[in-house]
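> Give me a 3D structure for the following:
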Amino acid sequence: MLVGTVFDLASLTKPLATATAVLHLWERGAVDLDAPVAAYFPRFAEGGKAKATVRHLLAHTSGLPAWEMLYLARPREEAQGRAGACRSIGGAVARICATPALAPPGLRMEYSDLGFIVLGHLVERLSGMTLDAYARAQIFGPLGLGATRFVPPLAWRTRCAATEVGNDFERTKAREQELGRAFAWRTHLLRGEVHDGNAWHLGRGVAGHAGLFATARDVARFGMAMLRGGALDGARVLRAATVAEATRDQTPEPGPGRRGLGWSLQGGSSAGTRASTQAYCHTGFTGTSLLVDPSRDLVVVLLTNRVHPTARREEIQAFRPAFHDALIEALDG
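Modelled structure (predicted):
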């Protein structure tokens, strides 16, 4: 690995691209965070989700389930007119709209990839641009993030950190659920193509929940922009008040898992024990994380490919907090 190695950021896509794009549109009056999602996608009102708002999606309090392999059909539900195999993000949003809520909106926090798939599609619906084009024009370009993008070109392949061999993690999950027996699974070493199956099969690498690739330098520059109230080197992507709103507690009381708009607050378990209560962060399944601690004027980026060659390894869960604790202890002297 080198300074210029490009990593599959996985769920860091949520705060770096999707949440920031939604907030950018909010600043311009193109979206109302407190409007029902059904105002933009009418069928979202199905299954007890009529009162779920865009804010709920950003804060993971919409009531949606965490995750499912939307590119696979669920035979029992398909027979009822729901849960057929999706082949596009639009099709996935339609299936998510028909998905019953696990809880009333705003009642509890349930981290949901499905909610951010909807948000990514919302950006496209409201902006008239693809999610990757909007993020490039309004976020990555202004901040000088030249090594941050969806769908890396073939010329970047040798710069990309390899992830899993095939999609064994999701294939195993499918087998446990008796799904996808005849599905054409990827079996080659994934390098320079998104690891997440929903992003790969539905969005061809572009989705609201995953798909972004970047270097450590670029992720750090994004963190610095957040630390500086939405601006860096003379370029502003968000207003300071918007950053404050995004990093304000948006979750119901009581309960664990404090959430802002696209961010985990008060450090979160991955931040360790030494990060301040002002800290906010996000992680990615492939072994990535970004921690911003305003009280220390600190940005910490950790990029690994912990899913290589298999996603079965879980040491990252202990390593992240230990890494952050050791780093902050060294800085505090």
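> tell me the contacts of residue 296?
276, 328, 331 (C-beta atoms under 8 Å, 6 or more residues apart in numbering). Yep, even glycine has a C-beta here, placed from its N, CA and C like the rest.
> Do you know the pLDDT at residue 266?
pLDDT, residue 266: 80.
> That one and residue 277: what is the separation?
Distance, residue 266 to residue 277, by C-beta to C-beta, to the nearest Å: 5 Å.
> Between the two, which has more neighbouring residues?
Comparing residue 266 with residue 277 by other C-beta atoms under 10 Å, the one with more neighbours is residue 266, at 18 against 10.
> which non-adjacent residue is nearest residue 245?
Closest residue to residue 245 apart from its sequence neighbours, by C-beta to C-beta, 6 or more residues apart in numbering: residue 261 at 6.6 Å.
> Correct me if wrong: the one you found contacts residue 26.
No. Applying C-beta atoms under 8 Å, one finds residue 261 not in contact with residue 26, separated by 9.2 Å.
> Overlap in contacts, those two.
residue 33.
> neighbour count winner among those two?
For residue 261 versus residue 26, neighbours defined as other C-beta under 10 Å are more numerous around residue 261 (24 against 21).
> Return the helix or strand in this structure with minimum mean pLDDT.
Taking mean pLDDT, DSSP states H and E as the measure, the chain has helix 75-78 as its least confident helix or strand, at a mean of 72.
> Pull the distance from that helix to the chain's centre.
28 Å (C-alpha atoms, centre = their mean, to the nearest Å).
> Output it as PDB, nothing but the C-alphas.
Only the C-alpha atoms of helix 75-78 are listed here, as PDB (Å, rounded to 0.1, in the frame of the first residue of the first chain):
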ATOM      1  CA  PRO A  75     -39.900 -16.200  -3.800                       C
ATOM      2  CA  ARG A  76     -42.600 -16.100  -1.100                       C
ATOM      3  CA  GLU A  77     -42.900 -12.300  -1.200                       C
ATOM      4  CA  GLU A  78     -42.600 -12.200  -5.000                       C
END
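> With that, I have no additional questions.
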